[in-house]
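Participant: Fold the following and give me the result.
(one chain, ligands or ions: 1)
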Amino acid sequence: MSLFRLPKGLIADLHRLSARFWWGTGTDKRNLHWGSWRKLCCSKNGGGLGFRDLTIFNKVLLAKQVWRLIHQPNTLAGKVLKQRYFPDSSVMEVSCGNSSSFLWKSLMWGREIIEVGARWRIGSGSSVRIYKDRWIPKPSSFMVVSPASLDPNATVDTLKTQSGAWNERLIRDNFVLDDAKAILSIPCSSSIATDSIFWSYEKFGSYTVKSGYHLGYSMLSSPGSSGLSLSESWWKSLWRIQVPAKVKLFLWRASHNWIPTNSNLAKRGVLMDSLCLICRRRSESTMHSLWCCPALKAIRAGCPFMRGIKFLRDFRNANSGGNSSAGGSNIVVPSWRPPDCGTLKINRDAAVDSMTGKIGIGVIIRDSRGEVLASSAQTISASLSASTAEALAVFSCLIFARDSGLSPVIIESDAQVVVNLINSGNIPLSDIGLIIHDINQVLRNFPSCRVSFVSRLANMAAHSLAKYGLLIASDLFWLEEFPSCVAPAVMGDRPSLL
Ligand SMILES: [Zn+2]
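Facilitator: The predicted structure follows:
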């Protein structure tokens, strides 16, 4: 399945067998199939049960092989396939000839997933074409929509200045607002020159079968085709109910009107009479049989199940109240810790305002007594993701520490993902990888500096400065001072007041 495209007939047989098993059909007996296999394959939050559609699954497994050909070209299989099918181009550019092997045709079919979900990470930009390649962070096309006012075959490096930064004026003059905003939000690296392809549906850019499957399912399902009318939040709340799984499955079937009421059986020609057998007044629909039938009122009133629910609710409320009061006294609130004598500590944070597209960066430098040596609130106009903004904040902080001669120094950030990436040495394939690589390059030549994680509650001074950065028009710096808005956090952090 992960090497060849399975025949449609085989997949249809497998789906048929799975559906028969699910709807309880034996070999000698025909049961009703209340919903189509496609509806069962829909995600649980979309109203289905998340069963695998084998056509899509087959395709995303083949896409995984194509991904390996892109990122692991030196494997034996990669070398053989390159020599045979794309000696002078790349796996993403080569076309599938009629005389290709079944294996290669299968891989080219799987490539369609990568073509839709991958985009270029810009290093120098010299191998990415502005108008023809997928490279800007704008789902779902990832392509520029502006009319081609530059050379139609121009590459992305022509949009950069000699220093490697974006030429903002050129971009704003030649692209529509949305495109310009997206381009300017791509981080520029000073240390990575190679352009590479990353998977845009994963945070760190590596292809996974899970995210590929979700993309493949959305590609093959036309909007509204599933006919599942209830909202995603409703389905989520259904699956969260704390009852046995068989009760949830019954509620799920009832929500789809897939239970054998007289009305449903009459529609399918199993019964002639759709009237309710108990009250004989109305047609026995799902709503009538579970809620509206007059005979149910007496049953509900005397039902021990309903009384049991009330008892359990009271029991849970009583217990949760007790636990919270008992646990409250044991909660330890993290607080800022001063560095060792002779070492400086820089706390930094970033705040993102997605409405205005602004990023605020707060930095505060303190010594072992908690005295503030310098602080800053900066503002950047760029639509970056939160983690990319956090990484950018660490990088600017690092450059400042190095250029100011601060040593030894500890940089603290409350972005655990970013700190873990820096300390692990792994460089993600996505845009954030450009900044992480730059940070590691600087750290290599600046050994007296280290980056560590700190809880948000112990980083409140930098957090307040970052929030302040969202309100200002230009960057502000203070020496041995700080703005009044961060005074409570700074005073609270001082060792003498702890
Ligand atoms: Zn009735």
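
Participant: check which helix or strand covers residue 214.
Facilitator: Residue 214 belongs to helix 209-220 when assigned by DSSP states H and E.

Participant: Packing partners of the helix or strand just after that helix?
Facilitator: Downstream of helix 209-220, the next assigned helix or strand under DSSP H and E is helix 232-240. Contact partners of helix 232-240 among helices and strands, from 3 or more CB pairs under 8 Å, 6 or more residues apart in numbering; DSSP states H and E: helix 245-255. All C-beta spots, glycine's among them, are computed from the backbone N, C-alpha and C.

Participant: thinking again about what came up before, buried residues in the helix holding residue 214, which are they?
Facilitator: 209, 211-217 (16 or more other CB atoms under 10 Å).

Participant: What of stretch 268-287?
Facilitator: Buried residues in stretch 268-287, counted by 16+ other CB under 10 Å: 271, 274-276, 284-286.

Participant: Within reach of the ion, which of those are there?
Facilitator: The subset of the buried residues of stretch 268-287 lying close to the ion, counting by CB under 5 Å from the ion, consists of residue 276.

Participant: Return the closest of the buried residues of stretch 268-287 with respect to residue 178.
Facilitator: Of all the buried residues of stretch 268-287, residue 178 sits closest to residue 286, with 45.9 Å by CB to CB.

Participant: secondary structure element for the nearest residue to the closest one once chain neighbours are set aside?
Facilitator: Closest residue to residue 286 apart from its sequence neighbours, by CB to CB, 6 or more residues apart in numbering: residue 257 at 5.1 Å. Secondary structure from DSSP H and E places residue 257 outside every helix and strand.

Participant: I'd like to know how far residue 257 sits from residue 386.
Facilitator: 42 Å (CB to CB, to the nearest Å).

Participant: export the buried residues of stretch 268-287 to a markdown table and tack on secondary structure and distance to residue 195?
Facilitator: Output for the buried residues of stretch 268-287, formatted as a markdown table (DSSP: H, G, I helix; E, B strand; the rest coil; distance: CB to CB, whole Å):
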| residue | secondary structure | distance to residue 195 |
| --- | --- | --- |
| 271 | coil | 66 |
| 274 | coil | 65 |
| 275 | strand | 70 |
| 276 | coil | 68 |
| 284 | coil | 64 |
| 285 | coil | 60 |
| 286 | helix | 56 |
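
Participant: now, which of the buried residues of stretch 268-287 sits nearest residue 474?
Facilitator: Using CB to CB, residue 286 is the member of these that lies nearest residue 474, at 62.7 Å.

Participant: So the closest one is in contact with residue 264, correct?
Facilitator: Yes. Residue 286 lies in contact with residue 264 (CB atoms under 8 Å); the separation is 7.4 Å.

Participant: Now for the two: what residues contact both?
Facilitator: Both residue 286 and residue 264 are in contact with residue 257, where contact means CB atoms under 8 Å, 6 or more residues apart in numbering.

Participant: Write out the residues of this structure neighbouring the ion.
Facilitator: Within the chain, the positions lying close to the ion (CB under 5 Å from the ion) are 276, 278-279, 293.

Participant: Include secondary structure and pLDDT when you put these into TSV, please.
Facilitator: Compiled in TSV, the residues of the chain next to the ion are given as follows (DSSP: H, G, I helix; E, B strand; the rest coil; pLDDT from 0 to 100):
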residue	secondary structure	pLDDT
276	coil	87
278	coil	84
279	coil	84
293	coil	85
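
Participant: residue ranges of the helices in the stretch 101-250 of the chain, please?
Facilitator: Ranges of helices in the stretch 101-250 of the chain, per DSSP state H, counting those that start in this stretch, are 102-117, 168-174, 177-184, 209-220, 232-240, 245-255.

Participant: Distance to residue 394 added to these, as TSV?
Facilitator: Shown next, in TSV, are the helices of the stretch 101-250 of the chain (distance: least, CB to CB, whole Å):
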stretch	distance to residue 394
helix 102-117	28
helix 168-174	23
helix 177-184	20
helix 209-220	27
helix 232-240	35
helix 245-255	44
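
Participant: Tell me where this structure has strands.
Facilitator: 118-121, 196-199, 344-353, 358-366, 372-381, 409-413, 449-453, 476-479 (DSSP state E).

Participant: Report the mean confidence score over the second one.
Facilitator: When the per-residue pLDDT values of strand 196-199 are averaged, the result is 92.

Participant: Closest one of the buried residues of helix 209-220 to the ion?
Facilitator: Checking the buried residues of helix 209-220 against the ion by CB to the ion gives residue 217 as the nearest, at 39.8 Å.

Participant: count of residues packed around the residue nearest to residue 256 when sequence neighbours are not counted?
Facilitator: Using CB to CB, 6+ apart and skipping residues adjacent in sequence, the residue nearest residue 256 is residue 35, 6.2 Å away. Residue 35: 21 surrounding residues under other CB atoms under 10 Å.

Participant: unless I'm mixing things up, residue 35 is touching residue 255, no?
Facilitator: No. Applying CB under 8 Å, one finds residue 35 not in contact with residue 255, separated by 11.1 Å.

Participant: what residues are up against the nearest residue in space to residue 417 that is not next to it in sequence?
Facilitator: Using CB to CB, 6+ apart and skipping residues adjacent in sequence, the residue nearest residue 417 is residue 387, 5.5 Å away. Residues near residue 387 by CB under 8 Å, 6+ apart: 203, 415, 417-418, 432.

Participant: Tell me how many other residues crowd residue 54.
Facilitator: For residue 54, the count of nearby residues is 18 (other CB under 10 Å).

Participant: no wait, residue 379
Facilitator: Residue 379 has 20 neighbours, counted by other CB under 10 Å.

Participant: can you check residue 479 too?
Facilitator: 10.

Participant: show me what contacts it?
Facilitator: 373-374.

Participant: how close does it get to residue 253?
Facilitator: Distance of residue 479 to residue 253, computed by CB to CB: 69 Å.

Participant: and if you look at residue 488?
Facilitator: To residue 253, residue 488 is 56 Å away according to CB to CB.

Participant: And the two? Which one has more around it.
Facilitator: Shown here are residue 488 and residue 253; by other CB under 10 Å, residue 253 has more neighbours (15 against 12).

Participant: unless I'm mixing things up, the more buried one is touching residue 34, no?
Facilitator: Yes. Applying CB under 8 Å as the test, residue 253 and residue 34 come out as touching, 7.0 Å apart.

Participant: Now stretch 44-51: buried residues?
Facilitator: For stretch 44-51, by 16+ other CB under 10 Å, it's 46-48, 51.

Participant: tell me the mean pLDDT over it?
Facilitator: Mean pLDDT, stretch 44-51: 86.
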